[in-house]
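1. could you look at this predicted model? Sequence included:
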Amino acid sequence: MAPLIELVDVARYYQMGDQRIAALDGVGFAIEAGEMVAIVGTSGSGKSTLLNILGCLDTPSRGAYRLAGRDVQAMSDDDLARARNQLIGFVFQSFQLLHRATAQKNVALPLVYRGLRARERNRLAAEALTRVGLGERMHHRPYQLSGGQRQRTAIARALVGTPALLLCDEPTGNLDSATSEDIMALFHTLHREGNTILIVTHEPSIAARCPRAIRIVDGKILADGPGREVAYLGVTAGAA
Amino acid sequence: MRRLLDAFVTALESLAEHKLRTTLTMLGMMFGVGAVIAMLSIGAGAEGRALALIDRLGVHNVVIHARTFKPEELEEIRKKTPGLSQRDVDAIGEAVPGVAFAAPKIEIEPYKVLAGANKTIAQVYGVGHRHREVTPFRLAEGRFLDRGDEFHHAQVCVIGAGVRRDLFGADPALGRDVKIDDVWFEVIGVLEPEPPTTAAVQGVAVISTEHEIYLPFTTALRKLDRDPMKAPFSEIVVRLEQTAPAAETGAVIGTLLDRLHGGVVDYDIVVPEALLRHSRETQQLFNLVMGLIAGISLLVGGIGIMNIMLASVLEQTREIGVRRAVGARRADIRFQFLVTAFTLAMLGGLLGVALGLGIARGVAAYADWPTVVTTSSVVLSLGVSVVVGVGSGLYPAVRAARLDPIQALHAE
């Protein structure tokens, strides 16, 4: 079976005045369904660009990206939106919840764009919230929730559409260390349940706890291997 | 359909989030629509009233009134002309093409009108037997004055329903006698009751027949005392043939009277058809100006909506980014903003309809001015408000849809 994610020689250029800057420069790897992978790199390493491309928010300037057997680089804007809706669940550093909506409504949001009935959306959202341990807080609004609860809500929103890939951008970046532990534990549980999880992070400690990590430096892959081995590669003691 | 419903709910939620702002924006739309409806209702009411009054004057008539003058002026005038007289009536009837006949009318202000022990106040008119053909009368009892009455100076009268009530109550009136000043008249007919309206169309008074008494003009001239300086006839109503052009015939009559009166203009010629045309033109102008003013206020409302929508695009940039990230297409975002603008305009418009109805009622009740709220004015103003609203939402919606999801997600 083909891998869930396949990147072949992917590059992404930005035009800055006369200069062409390569945020990504010939990146290639494959991720199988059910894997838990960290993409680790410092800021400016190109990991955010990679996240945007993996998340179908952006397309590569060069190379090929196949997601669940589909060529993403050739997709139209509407196809990309559909791919985000059906194949990807995003978890953001800043949670990105709609502050006026309840947790349940927030979680149900992706299902709106699948054309599901409100009742069905609410049922699935309630299920997803229960899965992340927030079954009791469905009708709270984000400002009534703690940081950890907000991120759990966001994770429930990512899970609600049973996507092929959970794409997490610095998911613990805005959380204290104890809550970070809880959220990482949740990711591990979800991983054990068979979800494919990709965590983009600058923290080697997070990457070290993933079975596999890919370290990005200057838009290129420096290393790709077990998390413990790759996480701290090329990191000086001061930078870590 | 589900998409529309979802978008509508989302629109209401996002509008409810900024209640004050939403209300203020809706007010713009509300006053616009309210103004349109109120203006049009006042206009339609005025038009209806004018038409009704002109209708009573008769579109196929030309009415000649004797002018009133100060006594010293009148003295000068009477040296040159006796005023409106039988000579004028005969001349108009014979010499002016397109005239069917001319009916004279004499106004008499009696100092007393009584029957038995009952008194009343009435306006007395001496008229020709064809008067009935130029003014719509409906008889409740008896008959109208005829040629014989006119020829024999018969002391008979036709009384208004109000006069009948005052003088005879529930008793039979036909055949009874009424004393007007010092002359007795036998009641031969009673007019149908009608609501009391006293009004004027462009200076031409139209009065209810309730308190009127009609006599043969020949009798009035001969038996009742009148100011000798006054013209014999107070009014001549000229009936035109169906095909005769009213304005032109009116002009011909004017030329003729000018000659007969030796150049003294002691009369006014009123052409109801011209009044009607004039009234319509005035009405159209009124509607145009009011429509323009109201349209401008709707436009201002629309600008308010655009302003708010642009602000909310900026404000909701992150939300737009989130929605795009979880799978909203550009079209979904655009649609959402359009529906929000539509909702804002529609709610404002509906409130405006309520306001317009309220103003129309208020004007009718307190200013005693008839107002007619037509369905078309409601549909028109709501339609325009929705078009303006959606039109104003278009640009913000397109801007929202064009946002790059990555930048939107990282917006502050």
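-> Yes, it's here. Numbers count the residues shown, from 1 in each chain, chains lettered A, B, ... in the order given.
2. from here on, contacts and neighbour counts on C-alpha atoms
-> Will do.
3. flag every buried residue along stretch B:370-378.
-> Buried residues in stretch B:370-378, counted by 16 or more other CA atoms under 10 Å in any protein chain shown: B:370-373, B:377-378.
4. so is the closest residue to residue B:272 other than its chain neighbours in a helix, a strand, or just coil?
-> Of all residues not flanking residue B:272 in the chain, residue B:59 sits nearest, at 5.4 Å (CA to CA, 6 or more residues apart in numbering or on different chains). Here residue B:59 takes the coil state, with states given by DSSP: H, G, I helix; E, B strand; the rest coil.
5. please tabulate the buried residues of stretch B:370-378 in TSV, including the columns pLDDT.
-> TSV is the format used below for the buried residues of stretch B:370-378 (pLDDT from 0 to 100):
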residue	pLDDT
B:370	81
B:371	84
B:372	85
B:373	87
B:377	85
B:378	90
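6. related to what we said a few turns ago, neighbours around the residue nearest to residue B:272, how many?
-> 19 (other CA atoms under 10 Å in any protein chain shown).
7. does it touch residue B:270 like I think?
-> No. If you go by CA atoms under 8 Å, residue B:59 and residue B:270 don't touch, sitting 10.8 Å apart.
8. center of chain A, which residue is that?
-> residue A:167 (1.5 Å; CA atoms, centre = their mean).
9. now do the phi/psi pair for that one.
-> phi -110, psi 110 (degrees, to the nearest 10).
10. bridge partners for it, pull those for me.
-> In this structure, residue A:167 bridges to residue A:90, residue A:198 when assessed by DSSP bridges.
11. the residue nearest to residue B:405 when sequence neighbours are not counted: what's it in contact with?
-> Computed as CA to CA, 6+ apart, the closest residue to residue B:405 that is not its neighbour in sequence is residue B:321, at 4.6 Å. Residue B:321 sits next to B:403-409 when contact means CA atoms under 8 Å, 6 or more residues apart in numbering or on different chains.
12. how much space between residue B:321 and residue A:88?
-> Using CA to CA, to the nearest Å, we find residue B:321 at a distance of 15 Å from residue A:88.
13. of all the residues in chain A, which one is nearest chain B?
-> Residue of chain A nearest chain B, by CA to the nearest CA: residue A:85 (3.9 Å).
14. what's the offset of stretch B:236-252 from the middle of its chain?
-> Distance, stretch centre to chain centre, for stretch B:236-252: 24 Å (CA atoms, centre = their mean, to the nearest Å).
15. could you pull up the contacting residues of the residue nearest to residue B:272?
-> Going by CA under 8 Å, 6+ apart, residue B:59 touches B:271-273, B:276.
16. helices - which of those residues land there?
-> Using DSSP state H, the members of the contacts of residue B:59 that fall in helices are B:272-273, B:276.
17. can you redo those residues as TSV with neighbour count?
-> Shown next, in TSV, are these (neighbours: other CA atoms under 10 Å in any protein chain shown):
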residue	neighbour count
B:272	26
B:273	20
B:276	19
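18. pLDDT added to those, as CSV?
-> Shown next, in CSV, are the ones in helices among the contacts of residue B:59 (pLDDT from 0 to 100):
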residue, pLDDT
B:272, 85
B:273, 83
B:276, 82
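19. quick one: which of these is nearest residue A:228?
-> Nearest to residue A:228 among the ones in helices among the contacts of residue B:59 is residue B:276, at 96.8 Å by CA to CA.
20. surely the closest one meets residue B:54?
-> Yes. Shown here, residue B:276 and residue B:54 form a contact pair, counting by CA under 8 Å, at 6.5 Å.
21. all the strands of the chain, residue numbers only.
-> Defaulting to chain A. A:5-16, A:19-31, A:36-40, A:62-67, A:70-71, A:88-91, A:165-169, A:197-201, A:212-217, A:220-226 (DSSP state E).
22. actually chain B
-> So, for chain B - with DSSP E - the strands run B:61-66, B:99-108, B:113-115, B:118-120, B:123-127, B:139-142, B:156-159, B:177-180, B:183-191, B:198-201, B:204-207, B:212-216, B:235-240, B:267-270.
23. elements contacting the longest one?
-> Under the contact definition 3 or more CA pairs under 8 Å, 6 or more residues apart in numbering or on different chains; DSSP states H and E, strand B:99-108 sits against helix B:86-95, strand B:123-127, helix B:131-134, helix B:217-223, strand B:235-240.
24. quick one, which of the ones you listed is packed in tightest?
-> Mean neighbour count, computed with mean count of other CA atoms under 10 Å in any protein chain shown, is highest for strand B:235-240 among the helices and strands packed on strand B:99-108, reaching a mean of 25.
25. most distant residue from the middle of chain A?
-> Furthest out from the centre of chain A (CA atoms, centre = their mean) sits residue A:18, at 32.5 Å.
26. backbone dihedrals for that residue, please?
-> Torsion angles, degrees, to the nearest 10, at residue A:18: phi -80, psi -20.
27. residue ranges in the chain under the pLDDT threshold?
-> Just going to use chain A. Across chain A, the ranges flagged by pLDDT under 70 are A:1, A:235-240.
28. I was thinking of chain B, sorry if that wasn't clear
-> For chain B, the stretches with pLDDT under 70 are B:195-207.
29. the closest residue to chain A within the stretch 51-200 of chain B: what's it in contact with?
-> Across the stretch 51-200 of chain B, the shortest distance to chain A (CA to the nearest CA) belongs to residue B:51, at 56.4 Å. Neighbouring residues of residue B:51 by CA under 8 Å, 6+ apart: residue B:276.
30. ok, now how distant is it from residue B:86?
-> 31 Å.
31. mind listing what's buried along the longest helix belonging to chain A?
-> Determined from DSSP H, the single longest helix within chain A is helix A:177-192. Neighbour counts over helix A:177-192 (16+ other CA under 10 Å) mark A:179-180, A:183-184, A:186-188, A:190-191 as buried.
32. that helix to strand A:197-201, inter-axis angle?
-> 150 degrees (axes from the mean of the first three to the mean of the last three CA atoms, to 10 degrees).
33. now residue B:122, nearest residue through space, not along the chain?
-> Nearest to residue B:122 is residue B:211, by CA to CA, 6+ apart, at 4.9 Å.
34. for residue B:330, same thing?
-> Closest to residue B:330 by CA to CA, 6+ apart is residue B:401, at 4.7 Å.
35. mind checking how far the one you found is from chain A?
-> 11 Å (CA to the nearest CA, to the nearest Å).
36. contacting residues for that residue?
-> B:330-331, B:333-334.
37. what segments of chain B are helices?
-> B:2-17, B:19-57, B:71-80, B:86-95, B:131-134, B:147-151, B:161-168, B:217-223, B:246-260, B:272-315, B:317-325, B:330-366, B:375-402, B:405-409.
38. go through these and pick out the most buried.
-> Greatest average neighbour count among the helices of chain B goes to helix B:317-325 (a mean of 25), per mean count of other CA under 10 Å.
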